[in-house]
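structure of the sequence below:
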Amino acid sequence: MMIRIRSRDGLERVTIDDPNITVAQLKTLIETQLRVPVPAQTLSTNQNLLLAKAPSDLTHFTDMSNPQTPLSALKLSHGSIVYLAYDGERTVPGRPSAFRPAGSFGRKMTMDDLIAKQMRVTRQENPHCELVSFDRDAANAFQHYVNESLAFAVKRGGFMYGIVTEEGKVEVHFIYEPPQHGSEENLVLLRDPEEENLVEAIAVGLGMRRVGFIFTQTVSQDKKDYTLSNREILQAAELHGESGIKEWVTAVVKLEVNEDGAADVHFEAFQMSDTCVKLFKEGWFETEIGEDVDPKLSMMKKDVVVGVKDTREVDNDFFLVVVKISDHQGPLSSTFPIENRNTPVTMKALKIHLERAKSLPFVKRISDFHLLLLLARFLDISADVPALAECVQTQTAIPEGYQLLIESMASAS
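Numbers count the residues shown, from 1 in each chain. This next block holds a predicted model:
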């Protein structure tokens, strides 16, 4: 599992093999992975630890002072945040020099320190992702539903899965649409950890991973003077930061009026800039957005430097890095009904799908992510799901036992 460690240096991650380790063992992992010596560490689940002004203040934080306390007793699980205070300097692999934080105990602030503490926001010229290519069927299935069923009246979103090539190109092979609630201005993802675990198990078997986020803008937004709204920036930055991959792509689908007065569905792709993701992770963004705030501006809790002036209002375009778009025919089909839409997906849909494609080899008939997700709800997530998905990836024959089971599930509808 992964524990997030927030210190004066920002947010970092520590990988843990056993969720039942003690505080002492966590400290050893922090020393190994983050290069902070165990004797220098003070840990707490209380974020006020980072506001301590003097070494004596650290003694007030006792929740993790017993080295034998297991993490489970502190209700720490995958993704939890632990706060770390430490004295002295540290060396981080890949960084040009040791951290020398301004304001550490016994050290005066210099003018250089003050300048270094300023957050400067500039445009990032080059994306980490050279190109994003969409599977035509997956992209069409997403935009067709938004266009024909939702009429671009409410927002819709999904997670893009595929591969990242060695050249930094992202290939999107399927789109998973989580439970959600969309309105004209907002998109709330009602994320289901159990379902997402199934999706991840399928993706692993297919040799794929989560590579981006796709969402729609509504017809009413077409009249607004922005590329992405401040709420969309917040959501995109959060998901980009959560992803842990530098090539993560945010795609936008919208309806635009062409020269003939007809409406065209239009795809755009961006990356959130490194500065944007850093600002979000470090809590600079105002996340409560008042009705009177211009949606093309992101509000900051502290002054940042844009150009030559200090400001708390940043034009959202400063945070966007344009990514080129292409398309391709991927290894999966997208003809099976899609999860978490208006109509629940049933076993009857499986029966109809299998009958419609009965002339094809069985592995071809089930080579659809959305079909695999329906099956995964009734199979063992650690054995059956990856095994089936791997057969689809390699296009090898489905074992007879699985085929009989799937056909019996379909015929029972």
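
okay, now the unreliable bits of this structure?
91-117, 413 (pLDDT under 70).

centroid-nearest residue for this structure?
L239 (3.3 Å; Cα atoms, centre = their mean).

may I ask you to confirm that that one is in contact with F213?
Yes - between L239 and F213 a contact is recorded at 4.8 Å, counting by Cβ atoms under 8 Å. For the C-beta atoms, the positions are set from N, CA and C on the backbone; glycine is no exception.

common neighbours of these two, please.
Counting by Cβ atoms under 8 Å, 6 or more residues apart in numbering, the contacts common to L239 and F213 are W248, T250.

could you look up the SS state of the residue nearest to the centre of the chain?
For L239, the assignment made with DSSP: H, G, I helix; E, B strand; the rest coil gives helix.

ranges for the strands of the stretch 51-200 of the chain?
81-86, 120-121, 131-135, 157-164, 169-176, 180-182, 187-189 (DSSP state E, counting those that start in this stretch).

mean neighbour count added to those strands, as a markdown table?
Below are those laid out as a markdown table (neighbours: other Cβ atoms under 10 Å):
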| stretch | mean neighbour count |
| --- | --- |
| strand 81-86 | 20 |
| strand 120-121 | 16 |
| strand 131-135 | 23 |
| strand 157-164 | 23 |
| strand 169-176 | 24 |
| strand 180-182 | 16 |
| strand 187-189 | 17 |
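
and the nearest residue to W248 once chain neighbours are set aside, what does it touch?
Once flanking residues are discounted, W248 sits nearest to H240: 4.8 Å by Cβ to Cβ, 6 or more residues apart in numbering. Applying Cβ under 8 Å, 6+ apart to H240 gives the contacts F213, W248, T250, Q271, M272, C276, V277.

how far away is the nearest residue to the last one once chain neighbours are set aside from Q124?
Translated: V277. Using Cβ to Cβ, 6+ apart and skipping the chain neighbours, the partner closest in space to V277 is G241 (4.9 Å). Separation of G241 from Q124 (Cβ to Cβ, to the nearest Å): 15 Å.

so what are the domain limits for the protein?
Domains of the chain are assigned by automatic domain parsing as 2-102, 131-328, 347-411.

of the ones you listed, which approaches Q118 most closely?
Taking Cβ to Cβ, domain 131-328 is the member of these nearest to Q118, at 5.3 Å.

measure the closest one end to end?
With Cα to Cα, to the nearest Å as the measure, domain 131-328 spans 12 Å from end to end.

quick one: distance of it to the chain centre.
10 Å (Cα atoms, centre = their mean, to the nearest Å).

cool, stretch 397-410 as well?
On Cα atoms, centre = their mean, the centre of stretch 397-410 falls 34 Å from that of its chain.

just stretch 341-361 next, same as before
For stretch 341-361, the distance to the chain centre is 30 Å (Cα atoms, centre = their mean).

what's near enough to touch the residue lying closest to A24 once chain neighbours are set aside?
Among residues not flanking A24 along the chain, P67 sits closest, at 3.6 Å (Cβ to Cβ, 6+ apart). Contacts for P67 (Cβ under 8 Å, 6+ apart) come out as T22, V23, A24, K27.

can you rerun that using 7 Å?
T22, V23, A24 (Cβ atoms under 7 Å, 6 or more residues apart in numbering).

would you say the last one is within a helix?
Yes - secondary structure assignment (three-state DSSP) places A24 inside a helix.

tell me how far it lies from N66.
Distance from A24 to N66, by Cβ to Cβ: 9 Å.

is it true that R136 touches Q329?
Yes - with contact defined as Cβ atoms under 7 Å, R136 reaches Q329; the gap is 6.0 Å.

out of those two, which sits in the busier spot?
Using other Cβ atoms under 10 Å, the more surrounded residue of R136 and Q329 is R136, with 13 against 8.

once you drop chain neighbours, what's closest to the more buried one?
D327 (5.1 Å).

so what's P331 up against?
Contacts of P331 were listed using Cβ under 7 Å, 6+ apart, and they are H173.

that one and Q395, how far apart?
8 Å.

now S80
40 Å.

ranges for the helices of the stretch 101-250 of the chain?
111-117, 136-144, 193-205, 230-243 (DSSP state H, counting those that start in this stretch).

indicate which one of those is closest to F378.
helix 193-205 (10.5 Å).

run the angle between the closest one and strand 169-176 for me.
140 degrees (axes from the mean of the first three to the mean of the last three Cα atoms, to 10 degrees).

which residues touch helix 193-205?
If you take Cβ under 7 Å, 6+ apart as the criterion, helix 193-205 is touched by 161, 176, 209-210, 369, 372-373, 376-377, 381, 385-386, 388-390, 393.

do stretch 279-288 as well
G10, L11, M119, L234, A237, E238, G241, S298, M299, M300, K301, K302.
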